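Trainee: give me the fold of what follows.
(one chain, ligands or ions: 2)
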Amino acid sequence: MITAADIQPEFESLLERKAFEKIRSEAFDYIARGAGSEATMQENLLAFSKWKIRPRVLRNVAEIDMSSTLFDQKLSMPVLFAPIGVQRIAHPEGELASARAAKELNVPLVVSSAASYSMEDIANELGGCSRWFQLYCSSEEIVTRSLVQRAEANGYSAIVITVDTPVLGIRESDARNQYSPLEEGDGCGNYLNDPAFLSLLDLSPEEDMKAALQKQIDIIDQPGLDWDELKKIRELTSLPILLKGVLHPEDAKLALENNVDGIIVSNHGGRQLDHCIASLDALPDIKNIVQDRIPILLDSGIRSGVDVFKALALGADAVLLGRPLVYGLAINGEVGVMQVVHKILHELEITMALAGVRSIKEINSDLLFKG
Ligand SMILES: Cc1cc2nc3c(=O)[nH]c(=O)nc-3n(C[C@H](O)[C@H](O)[C@H](O)COP(=O)(O)O)c2cc1C
Ligand SMILES: CCCCCCC(=O)C(=O)O
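Mentor: Ligands and ions are numbered 1, 2, ... in the order given. Predicted coordinates for the structure are as follows:
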């Protein structure tokens, strides 16, 4: 079978190529490749290059302040770690190493439902560092409830519900490679340590790991998820709820009507619906609807500090870093993750200075030009 990977074999960046040298090729394909023809994955990057910065001069940029506030929490920079599942396929210490990097950098980490390690183990590594929990609403309600309760009990301060994954996208490389990240990563710590999940199995994971892995795959999909289901989850917790994967302004309107606390404009890094709109292209219309009523975050295609600047200028309050973190993790564990983030932050600081802005609040669309 010929797949997108055969047609677009080049690496996106030197970082990606270096990571390729460190990861088993099937796992690399799972991480790096997108859905279908990868049109959306490419659009995510092109969308950023369509915008140019129109800088201001003579603005005294001797002091640059990159701090911002999200849900009353002061952030040293408007950046979070995106939820990335099964990180053990990139590095044996997976999310534990990422958590140590997040703690060192004091950047909030969004822990995936599909993390290799359990949310308890990750929380231990994070200490007092801010953490949010990403929820794949399970078709088994008792599992959803249990995950949310555990997140609350372990100091997670927001729930991110991923809404662009009623079913998994078509990942041609994985089909060709006959690859399952759950098999390679030995499953998801969150499920394998969950009493509600374990109660659904006929045999324990030790007795029948294959069935336990299949059950995890089955319950991650929830094609029946809708606004009514969301109301039920709203009742489970008083934590702020963000929806990850909103691209249409009408859905942003519905999110406001349904008392959602935040929106993450995302197309899942082009891993779900191919030929859908790039996240950055979706942002202005969503900002137009939401204004400043709730925070808007964005991911999918952030590769540099310049990208962070452009996303903030078009209305995002913060951005999430995805694949570049996994590449840093693969290359050099915790230190690799930190190096990737440091580079992006340095770029953001220099971009702010050269664009003539001193604080995150001063970044606005007047500083951008489309052409
Ligand atoms: C290997 C991998 C695993 C991911 N796992 C999850 C996940 O468990 N939950 C989720 O909501 N998003 C997941 N995502 C999507 C990211 O959160 C994010 O939306 C995406 O990586 C952004 O695109 P970018 O990395 O190209 O910038 C995953 C992405 C990758 C690359
Ligand atoms: C088969 C397990 C898939 C976990 C989902 C992780 C994810 O969101 C992704 O994009 O991949």
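Trainee: which residues of this protein fall in strands?
Mentor: Along the chain, the segments classed as strands by DSSP state E run 51-53, 68-70, 73-75, 79-81, 109-111, 131-135, 159-162, 241-246, 262-265, 296-298, 318-321, 368-370.
Trainee: those into TSV, with extra columns for distance to Glu10 and mean neighbour count?
Mentor: Heads up, the C-betas are built off the backbone N, CA and C, glycines and all. Shown next, in TSV, are those (distance: least, CB to CB, whole Å; neighbours: other CB atoms under 10 Å):
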stretch	distance to Glu10	mean neighbour count
strand 51-53	23	17
strand 68-70	35	17
strand 73-75	35	14
strand 79-81	27	24
strand 109-111	29	28
strand 131-135	30	26
strand 159-162	29	25
strand 241-246	28	24
strand 262-265	27	28
strand 296-298	25	26
strand 318-321	22	25
strand 368-370	26	12
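Trainee: out of these, nearest to ligand 1?
Mentor: Nearest of these to ligand 1, taken as CB to the nearest ligand atom: strand 159-162 at 3.6 Å.
Trainee: the closest one pairs with which strands, parallel or anti?
Mentor: As defined by DSSP bridges, the strand partners of strand 159-162 come to strand 131-135 (parallel), strand 241-246 (parallel).
Trainee: on that earlier part again, a markdown table for the strands of the chain, including distance to Pro181 and mean pLDDT?
Mentor: Below are those laid out as a markdown table (distance: least, CB to CB, whole Å; pLDDT from 0 to 100):
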| stretch | distance to Pro181 | mean pLDDT |
| --- | --- | --- |
| strand 51-53 | 34 | 98 |
| strand 68-70 | 30 | 97 |
| strand 73-75 | 30 | 95 |
| strand 79-81 | 18 | 98 |
| strand 109-111 | 16 | 98 |
| strand 131-135 | 16 | 98 |
| strand 159-162 | 16 | 98 |
| strand 241-246 | 19 | 98 |
| strand 262-265 | 22 | 98 |
| strand 296-298 | 25 | 99 |
| strand 318-321 | 20 | 99 |
| strand 368-370 | 37 | 97 |
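Trainee: quick one: Trp107 and Gln87, what's the gap?
Mentor: Heads up, residue 107 is Val, not Trp. 16 Å (CB to CB, to the nearest Å).
Trainee: who has more neighbours out of the two?
Mentor: When Val107 and Gln87 are compared for neighbours, Gln87 comes out ahead with 28 against 22, by other CB atoms under 10 Å.
Trainee: now do the same end-to-end measure for stretch 124-136.
Mentor: 22 Å (CA to CA, to the nearest Å).
Trainee: so which residues make contact with it?
Mentor: 73, 80, 83, 96, 99-100, 102-103, 106-114, 119, 122-123, 144, 147-148, 151, 155-162, 165, 219-220, 222, 233, 242, 244 (CB atoms under 8 Å, 6 or more residues apart in numbering).
Trainee: quick one: check it for contact with ligand 1.
Mentor: Yes. For stretch 124-136, a contact with ligand 1 is found by CB under 6 Å from any ligand atom, at Gln134.
Trainee: can that stretch be said to contact ligand 2?
Mentor: No. Against ligand 2, stretch 124-136 shows no contacts by CB under 6 Å from any ligand atom, the least distance being 7.1 Å.
Trainee: burial measure for the closest residue in space to Glu125 that isn't next to it in sequence, as a count.
Mentor: Counting by CB to CB, 6 or more residues apart in numbering, Glu125 lies nearest to Ala99, which is 3.8 Å off, once chain neighbours are set aside. Neighbour count for Ala99, taken as other CB under 10 Å: 28.
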